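In: My questions concern the predicted model and sequence given below.
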2 protein chains.
Amino acid sequence: MDHGARIPSGLTLDAFNIQQFRESSEATLARLEKHLADASIRGLELTEPAQLTRAARSLMTTEREHVAGYDEAKLNAIIDLYLKTGIQVHSPGYMGRQFSGTFPLAGVVDFVSSLVSQPSSFYEAAQLPNVVEKIMADEFNRFIGWPAGSFAMVTTSGGSLANLTAILAARNDRVPGSWSEGGAADHGRGRPALAVGADVHYSVSRTAGVMGIGEAQLVRLPLNRRHQIDVDRVVPELEAAQRRGLRVFCLVASAGTTSVSAFDPLRELAEITRERGIWLHVDGAHGASLLVSDELRWKLDGIDGADSLTWDAHKMMFTPAPCTMLFYRDKDKSRSPFHQWASYVFDEEPDVYTALDSGGKTLECTKRPMIMPLWVLWAMYGRALFAEKIEYLCRLTRDVHRILLAEPDFETTHWPEANILCFRYRPGALSDSEAHRLQIAIRDRVKARGTFFISKVDIAGPPPCAWCS
Amino acid sequence: MDHGARIPSGLTLDAFNIQQFRESSEATLARLEKHLADASIRGLELTEPAQLTRAARSLMTTEREHVAGYDEAKLNAIIDLYLKTGIQVHSPGYMGRQFSGTFPLAGVVDFVSSLVSQPSSFYEAAQLPNVVEKIMADEFNRFIGWPAGSFAMVTTSGGSLANLTAILAARNDRVPGSWSEGGAADHGRGRPALAVGADVHYSVSRTAGVMGIGEAQLVRLPLNRRHQIDVDRVVPELEAAQRRGLRVFCLVASAGTTSVSAFDPLRELAEITRERGIWLHVDGAHGASLLVSDELRWKLDGIDGADSLTWDAHKMMFTPAPCTMLFYRDKDKSRSPFHQWASYVFDEEPDVYTALDSGGKTLECTKRPMIMPLWVLWAMYGRALFAEKIEYLCRLTRDVHRILLAEPDFETTHWPEANILCFRYRPGALSDSEAHRLQIAIRDRVKARGTFFISKVDIAGPPPCAWCS
């Protein structure tokens, strides 16, 4: 029989104890401070999963233990293990390309978000994050150049999800009836198809499978020697696709490919797609951040001609992951990806508050207020901090390139456009496959030594290479 | 001309200054402590977006300012504004149902994740989070009951994305060729279709549009008086769908619907779907957490018969959002949603390390190590803390129900299965639409007063209601 709600007993009160919150925060802060201050050269200490599992299990309370509760020594051991087994992104030994050491203040702001737990899809649940999204959209549009009030931006959980969302908007906008009738709806105008650069991120090519277009309806556009979409071959490829019964509704270009950070020629692609009624989506997850630099912005020349743009702040804006911004040139199109209504989240009668709700525009219902760390850094330092750090990273990469060019036993595959440089060690007369195996062996040995972290990639095209940093 | 990389100048060094990290953390911690300790009754202070925008803009450095840099007074003002304008989830005035005040320690652990910025899709990038995911999968499977080693769990950014991922797995598994040929591939066996409870979360019904199945191919299963899928009408509905040329490949049941937290009859649904080769997905975003309670677990009786299960820890496990776990009964099926390979993320030759990579199984490439806060709480307190708090919340809801039943001017729509109770105030002889408008007016007035936060929902079915808490 139910005798009514009792005040929660010991464990809940213990877990919400404020003194304990302060103590655990202080202890953790001390460890983080030490971690961030350590400027020694470290890479990655790789531990066998079985061994790490034993270590983790030994830190867990078991059901048999009578005294369960907060234990600072246990917390400290957990934090130490967490910090020790991570990639040391704040160390000079870290040379991976895709995720970066965050600005510490960004982490502090994210700490607040973790505790207040705002689902930022709705204004009433996260007022400041929603207002700040609009502010940051306006700030960044200074570098894109759309007319004020005409465009839109939503945040979403990572670049892959942003790419999917944008391509859904493109499909629903350009292939009427596909939401209700299905993605392969033909209507006698050809089978819906997606054109992508041959080197596009896998999250983009996946969308064809995810959205029911079918991977077989993926038109891969050939690249030039600089690993960009070869603009002279785009129209012939689109025409050939049309002859095969395909109707390309969306073309995806990259602003910073994952492998070599190539920037596709956006101005020319915008012209081609506009003439043909094709939606141009730009995956700028990696490279859109260059927009904030006066020195580097030209690499995205023509970006104002894109219909949508993915921009990850957790890559080269140095904020905690995820923080992805998805821009639309036409704000009305931000309602295209999803067509739905639910009374508990979408208000019947929109007002000044619900006008800011983004839940109808994103896949997520609960969504982290991810813009907050970025905004606070921007509010504090303005554009200058980001421009300075991005320009420094790109300059550093060009320096490494210059050094390697002077070394006869090293090959580089491209002039570095941003902070990515692919190179390999190729002494004497090694065959391609011997050289490939040698790189893996060297990289694994470097990794095992734990002092540097270098990422790797396979690249088709002259000359193939194995290392990117 | 390029003169080589210079050491980053003032701003970058300022932003990475360790003393400043400590000071900003201390200042923020003091504010969080005060915020969490405030037990006063608060709801939501709704501010006009235009006014809040002005307040936020006034805290930003402008390009004209010469002295940009860290400013503790500015940070404090930002944090105060952030805390003040959020829903007061830790206050006794908060009665919203879907997101909860997090355990403070969970926020502390998430703070570490924000700073080390581990993309947890790959073992080498996040060793401890990947090991811990396996541990937590085993821990939770104690309450599901699948044979050890036979199932799989991946974390993903929210319940909506987990539902999409599971239904993609179902489609690729049960409708061969759909990844390559498109989601509407027929193969003479009928048009792929999705069966859902009439009251299913909007993220589930959306998937038909997203995946190119087409919303028109959504089979909505009628509910009984308890708002559950009416098990007696499932087979007739499936047969009727078949006669219309539809082939249902997946049935989605709910364990805790969003509106009233109804639990669908899983054991019966598992039997029906198994017999017909239909994939059974259970959206337990809200209610799966009841599995950890000996008192409440029976509501998910038959869960071991599901092919997949969505479980949000950021709802009733009180961790920062997002933290969603997607379980598969058959571990091999966790590879079904996506079919892809990219050399910079997926290793050519799997080994003991890459065997733990989840990047091929999730939409995300960069993914937050979201399991860590949940694991640390579990490591510290075991199951007992969660069971205690969940049972307390459910008991509290039943108490409110009992109180309202005794009040002649209040209506409730259902016996509360979990922590959700829908009720409305209906004095005298109001029509349904008058009563509806009255609830909105009362709720808006309560909200405007800022002392309580109550969420609302429209429910079809006798009697309609407006408030849930």
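Out: Nice, I can see it. Numbering: from 1, shown residues only, chains lettered A, B, ... in the order given.
In: Can you show me the strands along chain A?
Out: A:152-156, A:191-197, A:218-221, A:246-254, A:279-283, A:308-312, A:324-328, A:410-412, A:422-425, A:455-456, A:467-468 (DSSP state E).
In: right, is the longest one up against chain B?
Out: Which is strand A:246-254. No: among the residues of strand A:246-254, none lie within reach of chain B under CB under 8 Å from any CB of the partner chain; the closest is 11.8 Å away. Every residue, glycine included, has its C-beta placed from N, CA and C.
In: Which other helices and strands does that strand contact?
Out: Strand A:246-254 sits against helix A:159-174, strand A:191-197, strand A:218-221, helix A:234-243, helix A:266-276, strand A:279-283, with contacts defined as 3 or more CB pairs under 8 Å, 6 or more residues apart in numbering or on different chains; DSSP states H and E.
In: how about 10 Å then?
Out: Secondary structure elements in contact with strand A:246-254, counted by 3 or more CB pairs under 10 Å, 6 or more residues apart in numbering or on different chains; DSSP states H and E, are helix A:159-174, strand A:191-197, helix A:202-210, strand A:218-221, helix A:234-243, helix A:266-276, strand A:279-283, strand A:308-312.
In: thinking again about what came up before, the strands of chain A into CSV, with extra columns for mean neighbour count?
Out: Converted to CSV, those look like this (neighbours: other CB atoms under 10 Å in any protein chain shown):
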stretch, mean neighbour count
strand A:152-156, 25
strand A:191-197, 25
strand A:218-221, 20
strand A:246-254, 26
strand A:279-283, 28
strand A:308-312, 30
strand A:324-328, 26
strand A:410-412, 18
strand A:422-425, 23
strand A:455-456, 21
strand A:467-468, 24
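In: In terms of mean pLDDT, which of those strands ranks lowest?
Out: When the strands of chain A are compared on mean pLDDT, strand A:467-468 scores lowest, with a mean of 48.
In: next one: the longest helix anywhere in chain A to chain centre, how far?
Out: Here the longest helix in chain A is taken by residue count, with DSSP state H as the criterion, and it is helix A:383-405. Using CA atoms, centre = their mean, to the nearest Å, the distance from the centre of helix A:383-405 to the centre of the chain it belongs to is 20 Å.
In: Can you show me the CA trace of that helix as PDB?
Out: Included here for helix A:383-405 are C-alpha records, laid out as PDB according to Å, rounded to 0.1, in the frame of the first residue of the first chain:
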ATOM      1  CA  ARG A 383      36.700  38.600 -33.300                       C
ATOM      2  CA  ALA A 384      40.300  39.300 -32.600                       C
ATOM      3  CA  LEU A 385      41.000  36.300 -30.400                       C
ATOM      4  CA  PHE A 386      39.700  33.800 -33.000                       C
ATOM      5  CA  ALA A 387      41.400  35.500 -36.000                       C
ATOM      6  CA  GLU A 388      44.700  35.600 -34.100                       C
ATOM      7  CA  LYS A 389      44.600  31.900 -33.200                       C
ATOM      8  CA  ILE A 390      43.400  30.700 -36.600                       C
ATOM      9  CA  GLU A 391      46.000  32.700 -38.500                       C
ATOM     10  CA  TYR A 392      48.700  31.400 -36.100                       C
ATOM     11  CA  LEU A 393      47.700  27.800 -36.800                       C
ATOM     12  CA  CYS A 394      47.600  28.200 -40.500                       C
ATOM     13  CA  ARG A 395      50.900  30.000 -40.500                       C
ATOM     14  CA  LEU A 396      52.400  27.200 -38.400                       C
ATOM     15  CA  THR A 397      51.200  24.600 -40.900                       C
ATOM     16  CA  ARG A 398      52.800  26.600 -43.800                       C
ATOM     17  CA  ASP A 399      56.000  26.600 -41.900                       C
ATOM     18  CA  VAL A 400      56.000  22.800 -41.500                       C
ATOM     19  CA  HIS A 401      55.200  22.500 -45.200                       C
ATOM     20  CA  ARG A 402      58.300  24.700 -46.000                       C
ATOM     21  CA  ILE A 403      60.500  22.600 -43.800                       C
ATOM     22  CA  LEU A 404      59.300  19.300 -45.300                       C
ATOM     23  CA  LEU A 405      59.800  20.600 -48.900                       C
END
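In: got the buried residues for it?
Out: The neighbour-count check on helix A:383-405 (16 or more other CB atoms under 10 Å in any protein chain shown) flags A:383-401, A:404 as buried.
In: circling back: and the strands of chain A: which comes nearest B:Gly284?
Out: When the strands of chain A are compared for distance to B:Gly284 using CB to CB, the nearest one is strand A:152-156, at 23.7 Å.
In: how far away is A:Ala170 from chain B?
Out: A:Ala170 is 13 Å from chain B, where distance means CB to the nearest CB, to the nearest Å.
In: I meant to write A:Lys34 there.
Out: Summarising the geometry, the distance separating A:Lys34 from chain B, computed by CB to the nearest CB, is 9 Å.
In: And for A:Met60?
Out: Computed as CB to the nearest CB, the A:Met60 to chain B distance reads 4 Å.
In: Hmm, B:Ile135 and that residue touching each other?
Out: Yes: using CB atoms under 10 Å as the test, A:Met60 is close enough to B:Ile135 to be in contact (7.7 Å).
In: domain ranges for chain A?
Out: With automatic domain parsing serving as the domain definition, the record reports that chain A contains domains spanning A:21-94, A:115-381.
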